[in-house]
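K.L.:
what's the 3D shape of this:
(chains A, B, C and D)
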2 protein chains.
Amino acid sequence: MEKLQEERIRTRNVRRILDAATEVFARKGFDGTRITEIAEASGLPKANVYYYFGSKDDIYRAAIARLIQGWDEALEEIALEKDPAEAFTRYVTAKLRLSHQHPTESRLFANEILRGAEFLTEQERKHIRDVTNYRVAVIEAWIAAGKIVQVDARHLLIMLWAATQFYADFQPVVRDALGNRNLESADFDAAARCIADTILAGLIPRDSEPT
Amino acid sequence: MEKLQEERIRTRNVRRILDAATEVFARKGFDGTRITEIAEASGLPKANVYYYFGSKDDIYRAAIARLIQGWDEALEEIALEKDPAEAFTRYVTAKLRLSHQHPTESRLFANEILRGAEFLTEQERKHIRDVTNYRVAVIEAWIAAGKIVQVDARHLLIMLWAATQFYADFQPVVRDALGNRNLESADFDAAARCIADTILAGLIPRDSEPT
DNA sequence: TCAGAAATTGAACTTTTCGTCAACTTATTC
DNA sequence: GAATAAGTTGACGAAAAGTTCAATTTCTGA
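P.N.:
Take a look at the predicted model:
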(Lines give C-alpha, C1' and ligand atoms only; values in the text may rest on other atoms or scores of the structure.)
Protein backbone atom coordinates (compact mmCIF):
# COMPACT_ATOMS: atom_id res chain seq x y z
CA MET A 1 0.00 0.00 0.00
CA GLU A 2 1.46 3.32 -1.03
CA LYS A 3 2.27 5.61 1.85
CA LEU A 4 0.01 8.49 0.89
CA GLN A 5 -3.02 6.31 0.37
CA GLU A 6 -2.30 4.51 3.62
CA GLU A 7 -2.32 7.81 5.42
CA ARG A 8 -5.54 8.81 3.77
CA ILE A 9 -7.48 5.75 4.85
CA ARG A 10 -6.06 5.77 8.34
CA THR A 11 -6.58 9.49 8.77
CA ARG A 12 -10.13 9.34 7.53
CA ASN A 13 -11.09 6.47 9.80
CA VAL A 14 -9.37 7.97 12.82
CA ARG A 15 -11.25 11.20 12.22
CA ARG A 16 -14.54 9.37 11.87
CA ILE A 17 -13.93 7.49 15.10
CA LEU A 18 -12.93 10.62 17.01
CA ASP A 19 -15.91 12.54 15.68
CA ALA A 20 -18.25 9.80 16.82
CA ALA A 21 -16.42 9.37 20.11
CA THR A 22 -16.57 13.09 20.87
CA GLU A 23 -20.31 13.07 20.38
CA VAL A 24 -20.98 10.03 22.53
CA PHE A 25 -18.47 10.92 25.24
CA ALA A 26 -19.96 14.43 25.42
CA ARG A 27 -23.42 13.03 25.97
CA LYS A 28 -22.73 10.04 28.21
CA GLY A 29 -19.35 10.66 29.76
CA PHE A 30 -16.39 8.31 29.78
CA ASP A 31 -17.84 5.54 31.92
CA GLY A 32 -21.23 5.72 30.26
CA THR A 33 -19.90 5.37 26.73
CA ARG A 34 -19.96 1.95 25.05
CA ILE A 35 -17.45 1.18 22.36
CA THR A 36 -20.26 -0.35 20.35
CA GLU A 37 -22.01 3.00 20.30
CA ILE A 38 -18.90 4.76 19.02
CA ALA A 39 -18.53 2.05 16.39
CA GLU A 40 -22.12 2.42 15.22
CA ALA A 41 -21.93 6.20 15.17
CA SER A 42 -18.74 6.07 13.11
CA GLY A 43 -20.10 3.48 10.70
CA LEU A 44 -17.34 0.97 11.43
CA PRO A 45 -17.52 -2.44 13.10
CA LYS A 46 -16.28 -2.54 16.67
CA ALA A 47 -13.27 -4.66 15.82
CA ASN A 48 -12.21 -2.05 13.31
CA VAL A 49 -12.31 0.63 15.98
CA TYR A 50 -9.91 -1.55 17.98
CA TYR A 51 -7.68 -1.78 14.95
CA TYR A 52 -7.01 1.95 15.25
CA PHE A 53 -7.19 2.44 19.02
CA GLY A 54 -5.95 0.10 21.69
CA SER A 55 -8.60 0.86 24.27
CA LYS A 56 -11.42 3.13 25.35
CA ASP A 57 -8.88 5.19 27.29
CA ASP A 58 -6.88 5.80 24.16
CA ILE A 59 -9.91 7.03 22.24
CA TYR A 60 -10.94 9.32 25.07
CA ARG A 61 -7.49 10.82 25.49
CA ALA A 62 -7.19 11.38 21.77
CA ALA A 63 -10.58 13.10 21.65
CA ILE A 64 -9.65 15.40 24.54
CA ALA A 65 -6.28 16.24 23.01
CA ARG A 66 -7.84 17.04 19.66
CA LEU A 67 -10.46 19.26 21.28
CA ILE A 68 -7.91 21.31 23.19
CA GLN A 69 -5.76 21.68 20.11
CA GLY A 70 -8.80 22.87 18.17
CA TRP A 71 -9.71 25.45 20.79
CA ASP A 72 -6.19 26.74 20.83
CA GLU A 73 -6.08 27.28 17.12
CA ALA A 74 -9.47 28.94 17.12
CA LEU A 75 -8.73 31.28 20.00
CA GLU A 76 -5.04 32.02 19.72
CA GLU A 77 -5.60 35.09 17.61
CA ILE A 78 -8.01 36.53 20.13
CA ALA A 79 -5.41 38.32 22.15
CA LEU A 80 -6.45 40.86 24.73
CA GLU A 81 -3.72 43.34 23.97
CA LYS A 82 -5.59 45.95 22.02
CA ASP A 83 -8.32 48.34 22.99
CA PRO A 84 -10.22 46.77 25.92
CA ALA A 85 -13.67 47.31 24.43
CA GLU A 86 -12.72 45.75 21.12
CA ALA A 87 -10.75 42.94 22.76
CA PHE A 88 -13.60 41.89 25.07
CA THR A 89 -16.13 42.10 22.28
CA ARG A 90 -14.02 40.00 19.95
CA TYR A 91 -13.31 37.45 22.65
CA VAL A 92 -16.98 37.04 23.53
CA THR A 93 -17.97 36.86 19.90
CA ALA A 94 -15.32 34.26 19.11
CA LYS A 95 -16.18 32.06 22.06
CA LEU A 96 -19.88 32.23 21.26
CA ARG A 97 -19.13 31.28 17.69
CA LEU A 98 -17.38 28.19 19.03
CA SER A 99 -20.36 27.45 21.26
CA HIS A 100 -22.60 27.76 18.23
CA GLN A 101 -20.58 25.79 15.72
CA HIS A 102 -18.83 23.25 17.94
CA PRO A 103 -21.07 22.64 20.94
CA THR A 104 -20.14 18.98 21.08
CA GLU A 105 -16.49 19.69 21.81
CA SER A 106 -17.53 22.13 24.50
CA ARG A 107 -19.76 19.51 26.09
CA LEU A 108 -17.03 16.92 26.04
CA PHE A 109 -14.81 19.34 27.91
CA ALA A 110 -17.60 20.04 30.40
CA ASN A 111 -18.07 16.34 30.97
CA GLU A 112 -14.37 15.84 31.56
CA ILE A 113 -14.40 18.61 34.16
CA LEU A 114 -17.47 17.14 35.87
CA ARG A 115 -15.58 13.86 36.05
CA GLY A 116 -12.96 15.72 38.03
CA ALA A 117 -10.60 16.49 35.12
CA GLU A 118 -8.74 13.24 35.77
CA PHE A 119 -7.81 12.73 32.15
CA LEU A 120 -6.50 16.23 31.55
CA THR A 121 -2.74 15.96 31.44
CA GLU A 122 -0.65 18.19 33.65
CA GLN A 123 0.59 19.80 30.47
CA GLU A 124 -2.95 20.64 29.38
CA ARG A 125 -3.86 22.07 32.76
CA LYS A 126 -0.67 24.12 32.84
CA HIS A 127 -1.56 25.45 29.43
CA ILE A 128 -4.94 26.61 30.73
CA ARG A 129 -3.24 28.27 33.68
CA ASP A 130 -0.71 30.00 31.44
CA VAL A 131 -3.36 31.34 29.12
CA THR A 132 -5.33 32.64 32.10
CA ASN A 133 -2.31 34.22 33.74
CA TYR A 134 -1.34 35.98 30.56
CA ARG A 135 -4.77 37.52 30.21
CA VAL A 136 -4.90 38.46 33.87
CA ALA A 137 -1.70 40.40 33.35
CA VAL A 138 -3.16 42.20 30.35
CA ILE A 139 -6.32 43.16 32.24
CA GLU A 140 -4.35 44.36 35.23
CA ALA A 141 -2.22 46.47 32.93
CA TRP A 142 -5.40 48.03 31.56
CA ILE A 143 -6.54 48.77 35.09
CA ALA A 144 -3.19 50.32 35.95
CA ALA A 145 -3.41 52.45 32.83
CA GLY A 146 -6.91 53.60 33.79
CA LYS A 147 -8.43 52.11 30.66
CA ILE A 148 -10.91 50.10 32.70
CA VAL A 149 -12.13 50.38 36.26
CA GLN A 150 -10.74 48.38 39.16
CA VAL A 151 -11.94 44.77 38.92
CA ASP A 152 -10.85 41.28 39.93
CA ALA A 153 -9.30 40.12 36.67
CA ARG A 154 -9.52 36.41 37.44
CA HIS A 155 -13.18 36.44 38.33
CA LEU A 156 -13.91 38.64 35.35
CA LEU A 157 -12.31 36.10 33.03
CA ILE A 158 -14.24 33.30 34.72
CA MET A 159 -17.46 35.25 34.19
CA LEU A 160 -16.73 35.65 30.49
CA TRP A 161 -15.81 32.00 30.13
CA ALA A 162 -18.93 30.89 31.98
CA ALA A 163 -21.34 33.11 30.10
CA THR A 164 -20.07 32.02 26.70
CA GLN A 165 -19.66 28.32 27.46
CA PHE A 166 -23.17 28.09 28.88
CA TYR A 167 -24.74 28.48 25.44
CA ALA A 168 -23.06 25.28 24.28
CA ASP A 169 -23.27 23.11 27.37
CA PHE A 170 -26.74 24.01 28.59
CA GLN A 171 -28.48 24.35 25.26
CA PRO A 172 -31.74 22.71 26.42
CA VAL A 173 -31.96 25.18 29.29
CA VAL A 174 -31.09 28.12 27.05
CA ARG A 175 -33.77 27.01 24.62
CA ASP A 176 -36.36 26.92 27.38
CA ALA A 177 -35.24 30.29 28.69
CA LEU A 178 -35.49 31.89 25.25
CA GLY A 179 -38.91 30.45 24.48
CA ASN A 180 -38.56 26.80 23.52
CA ARG A 181 -37.18 27.11 20.02
CA ASN A 182 -33.96 26.07 18.33
CA LEU A 183 -31.04 28.42 18.67
CA GLU A 184 -30.05 30.38 15.60
CA SER A 185 -27.26 32.75 14.72
CA ALA A 186 -29.40 35.66 15.77
CA ASP A 187 -29.60 34.28 19.30
CA PHE A 188 -25.84 34.05 19.55
CA ASP A 189 -25.54 37.58 18.20
CA ALA A 190 -27.99 38.81 20.82
CA ALA A 191 -26.09 36.94 23.51
CA ALA A 192 -22.79 38.48 22.38
CA ARG A 193 -24.31 41.94 22.44
CA CYS A 194 -25.86 41.45 25.86
CA ILE A 195 -22.70 40.07 27.44
CA ALA A 196 -20.31 42.54 25.83
CA ASP A 197 -22.53 45.58 26.37
CA THR A 198 -23.32 44.80 29.98
CA ILE A 199 -19.76 44.06 30.94
CA LEU A 200 -18.24 46.90 28.98
CA ALA A 201 -20.72 49.41 30.36
CA GLY A 202 -19.52 48.44 33.80
CA LEU A 203 -15.84 48.39 32.92
CA ILE A 204 -15.23 51.48 30.82
CA PRO A 205 -14.75 54.55 32.99
CA ARG A 206 -17.05 57.46 32.17
CA ASP A 207 -16.10 60.19 34.54
CA SER A 208 -12.36 59.74 34.84
CA GLU A 209 -9.50 60.37 32.49
CA PRO A 210 -6.83 57.77 31.95
CA THR A 211 -3.76 58.58 33.98
CA MET B 1 -43.37 -2.14 63.24
CA GLU B 2 -44.71 1.13 64.50
CA LYS B 3 -45.51 3.64 61.84
CA LEU B 4 -43.19 6.40 63.00
CA GLN B 5 -40.20 4.14 63.41
CA GLU B 6 -40.89 2.56 60.04
CA GLU B 7 -40.83 5.95 58.46
CA ARG B 8 -37.63 6.80 60.21
CA ILE B 9 -35.69 3.80 58.95
CA ARG B 10 -37.08 4.07 55.45
CA THR B 11 -36.51 7.81 55.30
CA ARG B 12 -32.97 7.51 56.56
CA ASN B 13 -32.02 4.80 54.09
CA VAL B 14 -33.69 6.54 51.18
CA ARG B 15 -31.78 9.69 52.03
CA ARG B 16 -28.50 7.80 52.27
CA ILE B 17 -29.10 6.18 48.91
CA LEU B 18 -30.08 9.45 47.24
CA ASP B 19 -27.09 11.25 48.74
CA ALA B 20 -24.74 8.59 47.43
CA ALA B 21 -26.54 8.42 44.09
CA THR B 22 -26.38 12.18 43.62
CA GLU B 23 -22.65 12.13 44.14
CA VAL B 24 -21.96 9.26 41.78
CA PHE B 25 -24.44 10.35 39.11
CA ALA B 26 -22.96 13.86 39.21
CA ARG B 27 -19.49 12.51 38.59
CA LYS B 28 -20.15 9.69 36.14
CA GLY B 29 -23.53 10.40 34.60
CA PHE B 30 -26.46 8.05 34.37
CA ASP B 31 -24.97 5.42 32.09
CA GLY B 32 -21.60 5.52 33.77
CA THR B 33 -22.95 4.92 37.27
CA ARG B 34 -22.90 1.40 38.71
CA ILE B 35 -25.49 0.39 41.27
CA THR B 36 -22.69 -1.28 43.18
CA GLU B 37 -20.96 2.07 43.51
CA ILE B 38 -24.11 3.71 44.88
CA ALA B 39 -24.51 0.80 47.29
CA GLU B 40 -20.95 1.07 48.55
CA ALA B 41 -21.14 4.85 48.88
CA SER B 42 -24.36 4.58 50.86
CA GLY B 43 -23.05 1.79 53.07
CA LEU B 44 -25.82 -0.63 52.12
CA PRO B 45 -25.66 -3.90 50.23
CA LYS B 46 -26.79 -3.73 46.63
CA ALA B 47 -29.87 -5.86 47.25
CA ASN B 48 -30.95 -3.44 49.95
CA VAL B 49 -30.79 -0.57 47.51
CA TYR B 50 -33.19 -2.56 45.32
CA TYR B 51 -35.47 -3.00 48.30
CA TYR B 52 -36.10 0.76 48.28
CA PHE B 53 -35.86 1.51 44.57
CA GLY B 54 -37.11 -0.64 41.73
CA SER B 55 -34.42 0.25 39.24
CA LYS B 56 -31.55 2.56 38.36
CA ASP B 57 -34.01 4.78 36.52
CA ASP B 58 -36.06 5.20 39.68
CA ILE B 59 -33.03 6.25 41.72
CA TYR B 60 -31.97 8.75 39.08
CA ARG B 61 -35.40 10.29 38.73
CA ALA B 62 -35.75 10.58 42.50
CA ALA B 63 -32.36 12.27 42.78
CA ILE B 64 -33.26 14.79 40.06
CA ALA B 65 -36.63 15.52 41.63
CA ARG B 66 -35.10 16.07 45.04
CA LEU B 67 -32.46 18.40 43.63
CA ILE B 68 -35.00 20.59 41.86
CA GLN B 69 -37.15 20.72 44.96
CA GLY B 70 -34.13 21.78 47.00
CA TRP B 71 -33.22 24.55 44.56
CA ASP B 72 -36.75 25.80 44.63
CA GLU B 73 -36.85 26.07 48.37
CA ALA B 74 -33.48 27.77 48.49
CA LEU B 75 -34.25 30.29 45.78
CA GLU B 76 -37.93 31.01 46.12
CA GLU B 77 -37.34 33.89 48.47
CA ILE B 78 -34.97 35.52 46.05
CA ALA B 79 -37.61 37.45 44.21
CA LEU B 80 -36.63 40.22 41.89
CA GLU B 81 -39.39 42.60 42.91
CA LYS B 82 -37.46 45.00 45.05
CA ASP B 83 -34.72 47.43 44.27
CA PRO B 84 -32.82 46.11 41.23
CA ALA B 85 -29.39 46.55 42.76
CA GLU B 86 -30.32 44.73 45.93
CA ALA B 87 -32.25 42.04 44.08
CA PHE B 88 -29.41 41.20 41.69
CA THR B 89 -26.87 41.21 44.49
CA ARG B 90 -28.98 38.90 46.64
CA TYR B 91 -29.67 36.58 43.74
CA VAL B 92 -26.00 36.27 42.82
CA THR B 93 -25.00 35.80 46.44
CA ALA B 94 -27.63 33.13 47.03
CA LYS B 95 -26.77 31.19 43.89
CA LEU B 96 -23.06 31.30 44.71
CA ARG B 97 -23.81 30.06 48.21
CA LEU B 98 -25.55 27.09 46.62
CA SER B 99 -22.57 26.54 44.35
CA HIS B 100 -20.34 26.61 47.39
CA GLN B 101 -22.36 24.45 49.74
CA HIS B 102 -24.11 22.09 47.33
CA PRO B 103 -21.86 21.73 44.29
CA THR B 104 -22.79 18.09 43.86
CA GLU B 105 -26.43 18.85 43.17
CA SER B 106 -25.39 21.49 40.69
CA ARG B 107 -23.15 19.00 38.91
CA LEU B 108 -25.88 16.39 38.75
CA PHE B 109 -28.10 18.95 37.06
CA ALA B 110 -25.30 19.84 34.64
CA ASN B 111 -24.81 16.19 33.79
CA GLU B 112 -28.50 15.74 33.16
CA ILE B 113 -28.51 18.70 30.77
CA LEU B 114 -25.42 17.38 28.96
CA ARG B 115 -27.30 14.11 28.54
CA GLY B 116 -29.93 16.09 26.70
CA ALA B 117 -32.28 16.63 29.64
CA GLU B 118 -34.13 13.45 28.74
CA PHE B 119 -35.06 12.68 32.31
CA LEU B 120 -36.40 16.12 33.17
CA THR B 121 -40.16 15.83 33.25
CA GLU B 122 -42.27 18.20 31.21
CA GLN B 123 -43.50 19.55 34.52
CA GLU B 124 -39.97 20.32 35.67
CA ARG B 125 -39.07 22.02 32.41
CA LYS B 126 -42.26 24.05 32.51
CA HIS B 127 -41.38 25.11 36.01
CA ILE B 128 -38.00 26.39 34.82
CA ARG B 129 -39.70 28.27 32.00
CA ASP B 130 -42.24 29.80 34.38
CA VAL B 131 -39.59 30.97 36.81
CA THR B 132 -37.63 32.49 33.95
CA ASN B 133 -40.66 34.18 32.43
CA TYR B 134 -41.63 35.69 35.73
CA ARG B 135 -38.21 37.23 36.20
CA VAL B 136 -38.09 38.44 32.62
CA ALA B 137 -41.30 40.30 33.30
CA VAL B 138 -39.84 41.88 36.42
CA ILE B 139 -36.69 42.99 34.62
CA GLU B 140 -38.67 44.44 31.73
CA ALA B 141 -40.80 46.34 34.20
CA TRP B 142 -37.63 47.81 35.69
CA ILE B 143 -36.51 48.84 32.23
CA ALA B 144 -39.86 50.41 31.51
CA ALA B 145 -39.65 52.29 34.80
CA GLY B 146 -36.18 53.54 33.93
CA LYS B 147 -34.65 51.80 36.93
CA ILE B 148 -32.14 49.97 34.74
CA VAL B 149 -30.93 50.54 31.22
CA GLN B 150 -32.30 48.78 28.16
CA VAL B 151 -31.08 45.17 28.11
CA ASP B 152 -32.14 41.76 26.83
CA ALA B 153 -33.69 40.33 29.99
CA ARG B 154 -33.45 36.68 28.93
CA HIS B 155 -29.79 36.81 28.03
CA LEU B 156 -29.09 38.77 31.19
CA LEU B 157 -30.66 36.03 33.29
CA ILE B 158 -28.70 33.41 31.38
CA MET B 159 -25.51 35.33 32.07
CA LEU B 160 -26.23 35.42 35.81
CA TRP B 161 -27.15 31.75 35.86
CA ALA B 162 -24.02 30.81 33.92
CA ALA B 163 -21.62 32.89 35.98
CA THR B 164 -22.87 31.51 39.29
CA GLN B 165 -23.28 27.89 38.23
CA PHE B 166 -19.77 27.78 36.79
CA TYR B 167 -18.20 27.91 40.24
CA ALA B 168 -19.86 24.62 41.16
CA ASP B 169 -19.65 22.70 37.90
CA PHE B 170 -16.19 23.72 36.75
CA GLN B 171 -14.44 23.80 40.10
CA PRO B 172 -11.17 22.26 38.82
CA VAL B 173 -10.97 24.95 36.16
CA VAL B 174 -11.83 27.70 38.63
CA ARG B 175 -9.16 26.41 40.96
CA ASP B 176 -6.58 26.54 38.20
CA ALA B 177 -7.70 30.01 37.17
CA LEU B 178 -7.46 31.33 40.71
CA GLY B 179 -4.03 29.85 41.38
CA ASN B 180 -4.37 26.15 42.03
CA ARG B 181 -5.75 26.16 45.55
CA ASN B 182 -8.95 24.98 47.16
CA LEU B 183 -11.89 27.34 47.02
CA GLU B 184 -12.89 29.04 50.24
CA SER B 185 -15.70 31.31 51.30
CA ALA B 186 -13.58 34.32 50.48
CA ASP B 187 -13.36 33.21 46.86
CA PHE B 188 -17.13 33.00 46.57
CA ASP B 189 -17.43 36.41 48.20
CA ALA B 190 -14.98 37.85 45.70
CA ALA B 191 -16.89 36.20 42.86
CA ALA B 192 -20.18 37.64 44.10
CA ARG B 193 -18.68 41.09 44.33
CA CYS B 194 -17.13 40.87 40.86
CA ILE B 195 -20.30 39.62 39.19
CA ALA B 196 -22.69 41.93 40.99
CA ASP B 197 -20.49 45.02 40.69
CA THR B 198 -19.68 44.55 37.03
CA ILE B 199 -23.24 43.84 36.01
CA LEU B 200 -24.79 46.51 38.19
CA ALA B 201 -22.34 49.13 37.03
CA GLY B 202 -23.52 48.45 33.52
CA LEU B 203 -27.21 48.32 34.37
CA ILE B 204 -27.84 51.20 36.74
CA PRO B 205 -28.34 54.44 34.83
CA ARG B 206 -26.07 57.29 35.87
CA ASP B 207 -27.07 60.21 33.72
CA SER B 208 -30.79 59.75 33.33
CA GLU B 209 -33.68 60.22 35.66
CA PRO B 210 -36.35 57.54 36.03
CA THR B 211 -39.38 58.48 34.01
C1' DT C 1 -44.33 -13.34 74.19
C1' DC C 2 -45.67 -13.86 69.61
C1' DA C 3 -47.49 -13.04 64.97
C1' DG C 4 -46.81 -10.45 61.21
C1' DA C 5 -44.61 -6.61 58.88
C1' DA C 6 -40.29 -4.45 57.58
C1' DA C 7 -35.66 -4.80 56.58
C1' DT C 8 -31.40 -7.27 55.34
C1' DT C 9 -28.42 -9.88 52.42
C1' DG C 10 -25.68 -13.73 49.94
C1' DA C 11 -26.13 -15.87 45.93
C1' DA C 12 -27.74 -16.67 41.47
C1' DC C 13 -29.47 -15.43 36.85
C1' DT C 14 -29.45 -12.76 32.61
C1' DT C 15 -27.72 -9.46 29.74
C1' DT C 16 -24.28 -6.44 28.33
C1' DT C 17 -19.68 -5.03 27.43
C1' DC C 18 -14.70 -5.03 26.75
C1' DG C 19 -11.25 -6.64 24.25
C1' DT C 20 -9.16 -10.52 21.23
C1' DC C 21 -8.36 -13.36 17.35
C1' DA C 22 -8.08 -15.68 13.27
C1' DA C 23 -9.79 -15.63 8.79
C1' DC C 24 -10.68 -12.80 4.96
C1' DT C 25 -10.49 -8.91 1.52
C1' DT C 26 -8.34 -5.01 -0.55
C1' DA C 27 -4.44 -2.33 -1.82
C1' DT C 28 0.52 -1.75 -3.07
C1' DT C 29 5.03 -2.78 -4.61
C1' DC C 30 8.26 -4.96 -7.43
C1' DG D 1 0.91 -11.31 -11.13
C1' DA D 2 2.86 -12.79 -6.92
C1' DA D 3 4.28 -11.39 -2.42
C1' DT D 4 3.45 -8.47 1.26
C1' DA D 5 1.27 -4.95 3.96
C1' DA D 6 -3.00 -2.63 5.34
C1' DG D 7 -7.55 -2.87 6.45
C1' DT D 8 -12.00 -5.44 7.58
C1' DT D 9 -15.01 -8.24 10.25
C1' DG D 10 -17.91 -12.08 12.55
C1' DA D 11 -17.58 -14.69 16.36
C1' DC D 12 -16.02 -15.64 20.93
C1' DG D 13 -14.41 -15.72 26.03
C1' DA D 14 -14.02 -13.41 30.24
C1' DA D 15 -15.58 -10.07 33.21
C1' DA D 16 -18.89 -6.93 34.88
C1' DA D 17 -23.40 -5.03 35.50
C1' DG D 18 -28.58 -4.87 36.38
C1' DT D 19 -31.98 -7.24 38.62
C1' DT D 20 -34.34 -11.01 41.25
C1' DC D 21 -35.11 -14.22 44.97
C1' DA D 22 -35.42 -16.89 48.83
C1' DA D 23 -33.88 -17.26 53.33
C1' DT D 24 -32.95 -14.86 57.43
C1' DT D 25 -33.01 -11.29 60.95
C1' DT D 26 -34.93 -7.30 63.21
C1' DC D 27 -38.61 -4.61 64.65
C1' DT D 28 -43.32 -3.45 66.49
C1' DG D 29 -47.95 -3.59 68.29
C1' DA D 30 -51.03 -6.18 71.10
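K.L.:
elements contacting the lengthiest helix in chain A?
P.N.:
Longest helix in chain A, counting residues (DSSP state H): helix A:3-32. When contacts are defined as 3 or more Cβ pairs under 8 Å, 6 or more residues apart in numbering or on different chains; DSSP states H and E, helix A:3-32 packs onto helix A:35-42, helix A:46-52, helix A:56-75, helix A:103-114, helix B:3-32, helix B:103-114. Every residue, glycine included, has its C-beta placed from N, CA and C.
K.L.:
what does chain A put close to DNA strand D?
P.N.:
Contacts of chain A with DNA strand D, taken as Cβ under 7 Å from any atom of the strand, map to A:1, A:6, A:9, A:10, A:13, A:44, A:45, A:46, A:47, A:48, A:50, A:51.
K.L.:
return the item of the residues you listed having minimum pLDDT.
P.N.:
Within those, residue A:1 has the lowest pLDDT, namely 38.
K.L.:
can you give me the pLDDT of residue A:75?
P.N.:
pLDDT for residue A:75: 75.
K.L.:
ok, it touching residue A:95?
P.N.:
Yes: at 7.4 Å, residue A:75 and residue A:95 qualify as touching, with contact defined as Cβ atoms under 8 Å.
K.L.:
grab the nearest non-local neighbour of residue A:182.
P.N.:
residue A:175 (7.0 Å; Cβ to Cβ, 6 or more residues apart in numbering or on different chains).
K.L.:
wait, I meant residue A:72
P.N.:
residue A:127 (7.8 Å).
K.L.:
what's around that neighbour, how many residues?
P.N.:
Neighbours of residue A:127 under the rule other Cβ atoms under 10 Å in any protein chain shown: 15.
K.L.:
and it, backbone torsions?
P.N.:
Main-chain dihedrals, residue A:127, degrees, to the nearest 10: phi -60, psi -40.
K.L.:
that one contacts residue A:68, correct?
P.N.:
Yes: in this structure, residue A:127 is within contact of residue A:68 by Cβ under 8 Å, at 7.5 Å.
K.L.:
how's chain A carved up into domains?
P.N.:
A:1-62, A:77-211 (automatic domain parsing).
K.L.:
whatever residue of chain A ends up closest to DNA strand D and residue A:62: what is the separation?
P.N.:
Distances between chain A and DNA strand D by Cβ to the nearest atom of the strand are smallest at residue A:47, namely 2.8 Å. For residue A:47, the distance to residue A:62 (Cβ to Cβ, to the nearest Å) stands at 18 Å.
K.L.:
neighbour count: those two, which is higher?
P.N.:
Between residue A:47 and residue A:62, counting by other Cβ under 10 Å, residue A:62 is the more crowded of the two (17 against 8).
K.L.:
perfect, that will be all.
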